[in-house]
Structures are given as C-alpha cells and as structure tokens.
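Novice: I'd like to go over a predicted model; first the sequence, then the structure.
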Amino acid sequence: MKKQFYWLLGIGLVAFLARLLFLVIFGGLDNDLHDSSPDQALFIDLARNMVAGHGFTVSTDYWVATAGKPTSLMPPFYPLFLAFCFKIFGENFIVVRLIQVLLSVSIPVMVYFIGRIIFNRPVGLIAAAGTALYPPLVMYVRPLMSESLFYPMLVGLALLTCLLVQPDPKKWLYPLWGLLAGVSILTRSEVALVVGLLLLYLGFHHLRAYRLSRKTILTLSFTVIVLALTLVPYASYNYAAHGNFSPLPNKKWTFWDSTWMEAMRNTPEWQGVSLPERKVVPNWYQLTEIERDNYLWNMGVQYVLQHPDVYLSQRARYFLWSFPVLPVELFRTGQADGAKYGPTSLDDRVQYVTLAEQVRVWVFRLMLVLALGGIGMNLFYYKYRQKAFTLYIILGWNLFLAIAFNGSERMRLQVDSFFMLFAAFFIYELWFLQKARARVKRLQVQKTEAGFEEQPSLT
C-alpha cells in the first residue's frame, strides 16, 4: 500500500512539473490568451458579466445570442467556474490555469485505478505514467476552455462506473456518480448520450447480478434522482429565459455551422461575410434565441438530406482532424486557426504543421497503434473484455460524435486516456509474453543440460 502511494505521488509530481514547465517555457503564466479557440473569449465574457451582476449574458451579439439578454448559448458550469475564480482572485488567468493544472494531474491518478480494476496494477502504472507525460494533455491546461474541467470529469465518471460494477460497491458511490454525471452534462452537453449509455449499462449489470431486488431498484432510482436534481436548476433557468425546460444549451446551431455554412464558406458569395446566420434566417430580430437555434438546426438537417455526398466528405475531414490516422494535408482547407498565434497554439482546426502539432500527432499515432493492439488482445480475454466494457462504451460514443457531428483534436482528447489504458495493456502483455518465452527457453536449456549430465559414461 505504501509502495503504491509513493508510485502515485511520483507520477502525480511528474505530471504537475510537466504541465507547469509547459506554461513557464511556452507561455501561460500571464493574462494573455495563447491559443486560438474563439470559445475562450465567450467563456470569459460570460464570466465577466456574471461577476458584474448582469447574469448569464453576452456583451455583444454572438451567434444566436443577443447582447444583454439571458442566453443559453453554452453549458453553464465552466463560465460559473471562471466567474467564481474572477470573483475570488480577480481576473487572473494564472490562477485559473494553475487550478486547471491540478485538475489535470488527477487524470493519471484516476487512470491508474481504472487500469488496476480492469486489468492489473502494472497496467495501471504504465497507463498513469503515459498519461502524465502525454503531450496533448500537458498542453491543454492552458486554454480557458471547458475541456479543462471535462477531461478529469469524464475519467472520474469512468472510474466510478468501474467501481459500481465491482462486487458489493459502496453505497455512497451511487449518488456521487449521479452528481458527477449531472455536472459533466452541465460542462459538455454532448456527454448526455454517454451518461445515458453508462446508466443503462449499470442497470443491466445490477439486474443480472442482483436481479430485480429492492436494493437494485432503490440504488438505481436514487442515482437517477441525484442526476435529475443536479440538472433541475439549469433546466429551470432555461424555462424562465426561453420557455424550454431542458438542461441542454441552445447549441444546435453548431451542426448548421459544420454542414451548410462549412460548404458555403468555399463559395465566392459567402467568403468574408460576417454574421452569416442573420442573412439566412428570416425575421432574425423578431425570433427568440431558441427559435433561431431550431431554425439553423433544421437548415443543417435539410442540407444533409439534400447533399449526403458533401456531408460525408465533411465528416471525413472532421474525423481526420479528430483522429489524424492519415495525412491530414489531403483534407486541409484554408489556414490554421492559430496562424497569428505562437507555434504551440491549440486550434480547433489543427493543421499538424508546427513542431508542437507534429509532436502531438505522432505521439497520438504511436499510442493508437499500441491501443489497437491492446484492444485486439483484450477481445481474446473474456475476463478483461467484460471488465473493459465501460471503456468501449465511452470510446464508441466519441467515435460516433467525431463521425456524425463535429470532430476535432480537443474532442478526441476526451478519450485519449482510455486509449492509453489499452496501449499500456498491450505493452504489458508483450512484456509478459516475452518474459514467459524466456522462462520456457531457460527451462528447456536446464532440462537439456540435466539430460547430458545423467547420461552414463561410455568409457
């Protein structure tokens, strides 16, 4: 137990130093924005307005949101986190980034426990060490983005799910799972799908393990109640602001932006057009935020139905931005978002041309090759295959999002820790097989030598 503590302490310290050194060397311990993602400015604006007492509003019109009016443009948790930091420490990006560093350090620690539960302790240690030094996770502590909170939340949700499918789990884990699932939805709304899938998995497991007992009904019901209660405040806010009792933001317009608008940007009449959504939606200023959002969503869906070939081409490009398994140059359009930023800028549309991008893409490719080997091995082990079902659910969800909607590197990073677990399993199995072969060979040599010694002398 003490040895395990020292290993985890060492891995956590390495993870902390790697992230801190990145901020020291490449920028981040200041009040500048070093990364190009435009959502940073939106999160900061929402936080500033909340601190100033203006509520959840934007200062200027932004997509479907109107300046000064209550908006549900983004999930609320990260802007609330920023507003809390600004209220306590002032508008200090350094403090925010240092908190994000500490949250990121929790990822390899949780990865270790997941690896130990599903596989064994050595796999957990290898995966934790790999996650601690994984370049994309090291770098993504700098952007003021919701991913900084969501990455550890998703790993924590996976860990709790693994614990809940163990024999006789602790009762307090159920409400904790519901709370974390709810907060995750309020941080990144697309996780609602995987939360539902994991909840179904928990229900199926408990029905199979305990049948339809009173204990099963009570524990699962309590989990769902905690989850629902976590979402009720934001759903109530949405109802008061937009007449829609939903815990999800008005963010369906992003599908229009990645389908219809993505295609139109390549045409001369739409190049350089600012606020294009206001030119395609009739009576823009008479519509509410939710009506604008629904109109753009329907427009995107209609475009996909009318141009499925264009949609498939777009999905291939977005998928390769997310999973760069082929040279992305084949699918590159335009300039990288971070062209005017530094060489370590983290962009929504990664071009993989700078040194930092090349490091990230090649480390990912190496990890993916090892992970696919680990998945292949895992499918042959019934014991491990059954235990790893939580990981398969989360990986399948992320692949679906990358293919069907809007893939990007930061979206894929949500699940890189789980790929790392399978990569660690593959490394361990190769080492174990090599060690077993060496032991067999050594025994054969010993038997051969013993056989020579037992033979009688001919003289």
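Specialist: Thanks, I have it.

Novice: so how far is Trp284 from Val58?
Specialist: Counting by Cβ to Cβ, to the nearest Å, the gap from Val58 to Trp284 is 16 Å. All C-beta spots, glycine's among them, are computed from the backbone N, C-alpha and C.

Novice: and what of Asp30?
Specialist: 39 Å.

Novice: quick one: which of Val58 and Trp284 has more around it?
Specialist: Val58 (23 against 17; other Cβ atoms under 10 Å).

Novice: Tell me how many other residues crowd Leu395.
Specialist: What Leu395 shows, counting by other Cβ under 10 Å, is a neighbour count of 19.

Novice: just the one 10 residues further on next, same as before
Specialist: For Phe405, the number of neighbouring residues by other Cβ under 10 Å comes to 15.

Novice: got the contact list for the residue lying closest to it once chain neighbours are set aside?
Specialist: With sequence-adjacent residues excluded and distances taken as Cβ to Cβ, 6 or more residues apart in numbering, Phe405 is closest to Phe255, at 6.6 Å. Phe255 makes contacts with Leu296, Trp297, Gly300, Val301, Phe405, Asn406, as judged by Cβ atoms under 8 Å, 6 or more residues apart in numbering.

Novice: Go ahead and list the helix or strand containing Phe255.
Specialist: helix 253-257 (DSSP states H and E).

Novice: Give me the helices and strands touching the very next helix or strand once past that helix, please.
Specialist: Tracing the chain C-terminally past helix 253-257 and defining elements by DSSP H and E, one meets helix 260-264 next. On a contact count with 3 or more Cβ pairs under 8 Å, 6 or more residues apart in numbering; DSSP states H and E, helix 260-264 meets helix 289-306, helix 308-322.

Novice: Using JSON lines, lay out those helices together with distance to Ala423.
Specialist: JSON lines is the format used below for those (distance: least, Cβ to Cβ, whole Å):
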{"stretch": "helix 289-306", "distance to Ala423": "35"}
{"stretch": "helix 308-322", "distance to Ala423": "18"}
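
Novice: do you know which of these lies nearest Gly12?
Specialist: Across the helices and strands packed on helix 260-264, Gly12 has its closest neighbour in helix 308-322 (28.5 Å, Cβ to Cβ).

Novice: by how many degrees do that closest one and helix 289-306 diverge?
Specialist: Helix 308-322 and helix 289-306 are oriented at 110 degrees to each other (axes from the mean of the first three to the mean of the last three Cα atoms, to 10 degrees).

Novice: And the very next helix or strand once past helix 308-322, how far out from the chain middle?
Specialist: Later in the chain than helix 308-322, the nearest helix or strand by DSSP H and E is helix 355-378. Helix 355-378 sits 16 Å away from the centroid of its parent chain (Cα atoms, centre = their mean, to the nearest Å).

Novice: Contacts for helix 355-378, please.
Specialist: Residues outside helix 355-378 that contact it (Cβ under 8 Å, 6+ apart): 26, 130, 134-136, 139, 323-325, 343-345, 350-352, 384-385, 388, 409, 416, 419-427, 429.

Novice: hmm, back to that, what's the distance between the residue nearest to Phe405 and Asn406?
Specialist: Separation of Phe255 from Asn406 (Cβ to Cβ): 8 Å.

Novice: Likewise for Asp257?
Specialist: 8 Å.

Novice: Same drill for those two, tell me which one is more crowded.
Specialist: Using other Cβ under 10 Å as the criterion, Asp257 and Asn406 rank with Asn406 on top: 20 against 16.

Novice: Produce a PyMOL select command limited to the buried residues of the contacts of helix 355-378.
Specialist: Burial among these is assessed by 16 or more other Cβ atoms under 10 Å; the matching PyMOL selection reads:
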select buried, resi 130+134+135+136+139+323+324+344+345+350+351+352+384+388+409+416+419+420+421+422+423+424+425+426+427+429
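
Novice: which neighbours do Asp257 and Asn406 share?
Specialist: Shared contacts of Asp257 and Asn406 (Cβ under 8 Å, 6+ apart): none.

Novice: Let me have the helices and strands packed on helix 260-264 in TSV, adding mean pLDDT, distance to Val359 and mean neighbour count as columns.
Specialist: Output for the helices and strands packed on helix 260-264, formatted as TSV (pLDDT from 0 to 100; distance: least, Cβ to Cβ, whole Å; neighbours: other Cβ atoms under 10 Å):
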stretch	mean pLDDT	distance to Val359	mean neighbour count
helix 289-306	95	35	18
helix 308-322	88	17	17
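
Novice: which stretch among the ones you listed comes nearest Phe5?
Specialist: Closest among these, using Cβ to Cβ: helix 308-322, at 36.5 Å.

Novice: name the helices or strands packed onto that closest one?
Specialist: So helix 308-322, by 3+ Cβ pairs under 8 Å, 6+ apart, packs with helix 260-264, helix 289-306, helix 389-404, helix 409-412.

Novice: Can you list the buried residues in stretch 166-175?
Specialist: Result for stretch 166-175 [16+ other Cβ under 10 Å]: buried residues Pro169, Leu173, Tyr174, Pro175.

Novice: For stretch 296-311, which outside residues touch it?
Specialist: Here stretch 296-311 has contacts from 64, 252-253, 255-260, 263, 277, 280-281, using Cβ under 8 Å, 6+ apart.

Novice: Gln434: which of the helices and strands packed on helix 260-264 is closest?
Specialist: helix 308-322 (33.8 Å).

Novice: what is the orientation angle of the helix ranked longest in the chain with helix 389-404?
Specialist: Secondary structure of the chain per DSSP state H: the longest helix is helix 416-454. Interaxial angle, helix 416-454 versus helix 389-404 (the same axes, to 10 degrees): 130 degrees.

Novice: buried set for stretch 257-264?
Specialist: Buried residues in stretch 257-264, defined by neighbour count with 16+ other Cβ under 10 Å: Asp257, Ser258, Thr259, Trp260, Met261, Glu262, Ala263.

Novice: for the longest helix of the chain, what is the average pLDDT?
Specialist: Averaged across helix 416-454, the pLDDT comes to 80.

Novice: quick check: angle from that helix to helix 355-378?
Specialist: On the basis of the same axes, to 10 degrees, helix 416-454 is oriented at 60 degrees to helix 355-378.
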